[in-house]
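Visitor: Provide a 3D model corresponding to the input given below.
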Amino acid sequence: MRQSWIPRPGLPEVLEIRETELPNPQPNEVRIKVEAAGINFADISGRLGIYQDLPPMPVVVGYEVGGRIDKIGDNVDSAWLGKDVLGLTQFGGYSESVCVDQQQVFQRPSGMSAIEGAALPVNYLTAYQLVCVMGGVRAGETVLIHSAGGGVGIAAIQLAKYRGAKIIGTASTGKHEYLKQIGVDHCIDYREDDFETKVMEITAGSGVELVLDAVGGNSFKKSYRSLSATGRLGMFGVSSAAVSKSRNRLAFLKMVANLPWFKFTPIELINHNKGVFGVNLGRLWGEMDRVEGWMEDLLELYREGLIRPRVDTTFPFSKAAEAHHYIQDRKNIGKVLLVP
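Guide: This next block holds a predicted model:
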């Protein structure tokens, strides 16, 4: 089978196709014949050599796939054979076949394609944890969503609208029309306007109840200041550390230096009635019972037509480098996937 490997840190062009033997599922595992694999920012961070959880290179990344089960290991019900599924993978997703624990696999609802299936797990589980679990969004509250045109951003918009929230989204101007179509009430071009100032104008100085921020650095400080009393800041990434397409130590150090190391102190939070929390789905492999419940909730919302992944485009495995360029050039509105 073919896999897309990262042999060393570098530009997208370091990605290479290698032929390997088909894996055999271990006890409690299933093997998925992959029809689509999701690309996430963690994959790009891994290629840059700045993702802390990445195994030693060379490595195959990829955290989510859609496909069909073609082989099962011991202790797995034979009824799973031949089922169309989506699955979470702890690395290894950029493959034509991948083996995963049966608890990380879910049957796709009727009408969900493999491409939609691969576009759902990471983005929607992350957004669900941010908006519904830890963010606790309620009807009438206002949410500021950074990078609103990305996969997590669109998932968060759909979930926040389902909860009855008002939404402010940051994105480049070219994405504003689409974002308004799917329910964003106010769009801010982060390249032209200071989002903190605009948020205070839009909310008449009161701020927002929840901010979702994966930018990091100074953005965390400004997002915190944009909160109302009882507001919550959900942090789930540091994309400002990856402003170039190869490893940039200066950008990383600048992001680290701008982190609010002494801002979110206990006394600060108490006196201002604000909350700060972090989300990293990749650190929840030991909490699969919890994650499984979230996924079942999401699949039910999909069946009811309340959420729907937006797939921007797909690339063949052989053009994984082009896919990484496409994302880092911020061309996508929604999910970008690889297909064998």
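Visitor: Could you pull up phi and psi at the residue nearest to the spatial centre of the chain?
Guide: With distances taken as Cα atoms, centre = their mean, residue 123 lies nearest the centre of the chain, 3.6 Å away. Dihedral angles of residue 123 (phi, psi; degrees, to the nearest 10) stand at phi -60, psi -50.
Visitor: again, but for residue 212
Guide: phi -110, psi 120.
Visitor: how about it, what does it touch?
Guide: 127, 130-131, 135, 143-146, 152-153, 156, 234, 236 (Cβ atoms under 8 Å, 6 or more residues apart in numbering). C-betas here are computed from N, CA, C, even on glycine.
Visitor: Regarding residue 168, which helix or strand does it belong to?
Guide: Using DSSP states H and E, residue 168 maps to strand 166-170.
Visitor: So which bits of the helix or strand following that strand are buried?
Guide: Counting by DSSP H and E, the next helix or strand C-terminal to strand 166-170 is helix 176-181. Using 16 or more other Cβ atoms under 10 Å as the test for burial, helix 176-181 gives 176, 178-179.
Visitor: Touching helix 176-181 from outside, list them.
Guide: For helix 176-181, the external contacting residues (Cβ under 8 Å, 6+ apart) are 148-149, 157, 169, 171, 184, 187, 189, 333.
Visitor: For those residues, pick the one with the most neighbours.
Guide: Using other Cβ atoms under 10 Å as the neighbour criterion, residue 169 leads these with 30 neighbours.
Visitor: And stretch 109-121, how far out from the chain middle?
Guide: 15 Å (Cα atoms, centre = their mean, to the nearest Å).
Visitor: Show the backbone phi and psi for the closest residue in space to the residue nearest to the centre of the chain that isn't next to it in sequence.
Guide: The shortest distance from residue 123 to any non-neighbouring residue, by Cβ to Cβ, 6 or more residues apart in numbering, is to residue 151 (3.9 Å). Residue 151 has phi and psi values of phi -60, psi -50 when expressed as degrees, to the nearest 10.
Visitor: any idea how far residue 151 is from residue 99?
Guide: Distance from residue 151 to residue 99, counting by Cβ to Cβ, to the nearest Å: 25 Å.
Visitor: Please say which of the two ends up with more neighbours.
Guide: Set side by side, residue 151 and residue 99 show more neighbours around residue 151, with 30 against 20, by other Cβ under 10 Å.
Visitor: which residues touch that one?
Guide: For residue 151, the contact set (Cβ under 8 Å, 6+ apart) comprises 38, 40, 119, 122-123, 309, 334-336.
Visitor: Let's see which of those residues end up in helices.
Guide: 119, 122-123 (DSSP state H).
Visitor: so what strands line up beside the strand holding residue 168?
Guide: strand 142-145 (parallel), strand 186-188 (parallel) (DSSP bridges).
Visitor: Residue 31 sits in which helix or strand?
Guide: Short version, using DSSP H and E: residue 31 is in strand 29-38.
Visitor: And the next helix or strand past that strand?
Guide: Taking DSSP H and E, what comes next after strand 29-38 is helix 41-48.
Visitor: SS state for residue 126?
Guide: helix (DSSP: H, G, I helix; E, B strand; the rest coil).
Visitor: Ok, residue 307 next?
Guide: Assignment for residue 307 (three-state DSSP): coil.
Visitor: Offset the numbering so it begins at 259, please.
Guide: All set: I'll call the first residue 259, so the last point we hit is now residue 565.
Visitor: hmm, back to that, would you convert the ones in helices among the contacts of residue 409 into CSV that also reports distance to residue 369?
Guide: As requested, those are exported to CSV (distance: Cβ to Cβ, whole Å):
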residue, distance to residue 369
377, 14
380, 21
381, 19
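Visitor: how about TSV for the residues you listed, with pLDDT added?
Guide: Below are the ones in helices among the contacts of residue 409 laid out as TSV (pLDDT from 0 to 100):
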residue	pLDDT
377	98
380	98
381	98
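Visitor: which residue packs closest to residue 422, ignoring adjacent ones?
Guide: That would be residue 397: by Cβ to Cβ, 6+ apart, it lies 3.0 Å from residue 422.
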